[in-house]
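# Structure, please.
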Amino acid sequence: MRDRTDSFVPTAEEIQHALADASTGELVFFTRQCLERGAFDHVLAVERAFPQRFTEDAALKLTFAVARFVGGERTEARATVEALVAERPADLNALAVLAEMEARSGERASAVRLFSTLVERYPDYPGAQATLAALLMPGPPYRDVLRAIHAALRPETYLELGVAGGATLALATSARVAVGVDPVPAPLEQPLPVGARIIHETSESFFTTRRREDVFGAHPVELAFIDGLHLFETALRDFIETEHWCAPGGTIILHDCVPLSAVTATRERRTRFWVGDTWKAAWTLARRRPDLRIRTILTPPSGLVVVRRLDPSSRTLEDGFDALVSELRTQGYPLEPGRWPALLNVVPNTPEGLTEALA
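Have a look, this model is predicted:
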C-alpha cells in the first residue's frame, strides 16, 4: 500500500459513530466523494469500519477496489473487479472501472476491448468515448496539434468556420488577419489575438455575401480550419468555398472526420459525444479529388484531416453536388473502433507525423 505522509483518517469507532445510520446509497456517495478528493485512505478506513457492508454491495465493492488500486494494491483491486464483471456482466460500472484499471496499468489491448464493449452498450457512459479516443489515438489532443500547425506554417491569413468559444481561433497568433465565422455568439474562452475577429453568420451567408478581397485584401487564405455543423454536405460545401479563397500552397484542415463508432457518426444526434457524418466529406475529397494531398493525423478525440496542394479553380466537387449529397445521405459509418480508412492516409500523432502531414 502506498504510504501517505500527509494522511489522517478517523478511527473505526469514530467512523461507525458518524455513519451508523447511513444507507448503502449514502455510503456509496460518501466514498465516491472521498475518491474524487483524493482521499483513498479514507475509503479504506470506512471499509474497515463496515466490512460487511462492503462485502454485500457491488457499488461499495467497486469504490473499495478503486481505493486499493489508487493506493498501490493494483493486482488485488483488478482481481476484485474482474470477479464482479464475471458475476455481473450487465454491470456497466464494473466494466468501466475494469477498463480504466487496465488502461492505467498499461494493458492497452485489454482496455480498448473493454471500453469498446462499454461504448457499444452505452455510448454516453461518462468519459468512455474520450478515454477510448486517447487509447486509439495516442498523443496530444487536437488543439495542441493545431497550435503546432500554426507554429510550423505561421499563416498571415487564417479562416475558421465554426468558432464556438474561440479556443482554436485564439491560436492564430501569427496571422495579420484571422476571421472566424459562426452564427451563434458564445462567450470567449480567452482573448483573441490582434487582427482576429468573429463574424456571426452562417458560412453559406458568409461566402454568398462577401468576396475574399473584402475580408483578406489581396492576400489569399493560407490556413483554414473547418469545424462547423456536423453534417457532411455543409463541411463539403465549406471546403469548396474555402478552397476558392486559398492559394495552391494553402492548407485546409477538417475536424471530426475520424469517428470511433457508428453510433456517434450519424446525421441525427443520438449521443452526447457526437461527430456527425462529416467523415463523408473527407472520404469524398479522397475519392473525387485525387489531385489533393490528404493526410490524417490521429489526434483525439476525432482526428484532423490535413488537405494540401489545393486547386482554387477546381469545380469537380461543385458539378453534381446535389446528386452526390443525395447518394451519400443515408450511408452509415462502416468501420469498427481502431480501424482507419486507407484512403485518408493516416499518420501518427507525433512530430514526425505532423511533418509528413504538412509536407
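# ok, longest strand in this protein?
If you go by DSSP state E, the chain has its longest strand at strand 246-255.
# Just the buried residues of it, please?
By neighbour count with 16 or more other Cβ atoms under 10 Å, strand 246-255 contains the buried residues 246, 250-255. C-beta: built from backbone N, CA, C; applies to glycine.
# Show residues contacting that strand.
Outside strand 246-255, the residues that touch it by Cβ atoms under 8 Å, 6 or more residues apart in numbering are 142, 146, 149, 153, 155, 162, 220-227, 235, 239, 242-243, 278, 281-282, 302-312, 358.
# got the contact list for the following helix or strand past it?
The first helix or strand that comes after strand 246-255 along the chain, using DSSP states H and E, is helix 279-288. Outside helix 279-288, the residues within contact range by Cβ under 8 Å, 6+ apart are 232-233, 235-236, 239, 254, 256-259, 265, 292, 294, 296, 305, 307, 316-317, 324, 328, 331, 333, 341, 343-345.
# Keep only those of the contacts of strand 246-255 that are in helices.
142, 146, 149, 153, 235, 239, 242-243, 281-282 (DSSP state H).
# among the residues you listed, who's most crowded?
Ala235 (31 neighbours; other Cβ atoms under 10 Å).
# My read is that that residue contacts Val307, right?
No: counting by Cβ atoms under 8 Å, Val307 is not a contact partner of Ala235; they are 11.7 Å apart.
# just to revisit the earlier point, the longest strand of the chain to helix 279-288, inter-axis angle?
140 degrees (axes from the mean of the first three to the mean of the last three Cα atoms, to 10 degrees).
# dump the residue contacts of the residue sitting nearest the centre point of the chain.
In the chain, the residue lying closest to the centroid (Cα atoms, centre = their mean) is Pro301, at 2.3 Å. Going by Cβ under 8 Å, 6+ apart, Pro301 touches 129-130, 133-134, 137, 141-142, 260, 273.
# Show me which of those residues are buried.
129, 133-134, 137, 142, 260, 273.
# Quick one: these as a markdown table, columns for pLDDT and distance to Gly106 too.
Below are these laid out as a markdown table (pLDDT from 0 to 100; distance: Cβ to Cβ, whole Å):
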| residue | pLDDT | distance to Gly106 |
| --- | --- | --- |
| Gln129 | 94 | 21 |
| Ala133 | 95 | 18 |
| Ala134 | 95 | 13 |
| Met137 | 97 | 17 |
| Tyr142 | 98 | 24 |
| Leu260 | 91 | 21 |
| Phe273 | 90 | 25 |
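# Among those residues, which one sits closest to Val70?
Ala134 (19.4 Å; Cβ to Cβ).
# and the closest residue to Pro141 other than its chain neighbours, how many neighbours does it have?
In space, and not counting its chain neighbours, Pro141 is closest to Pro300: 5.5 Å by Cβ to Cβ, 6 or more residues apart in numbering. Counted by other Cβ under 10 Å, the residues lying close to Pro300 total 23.
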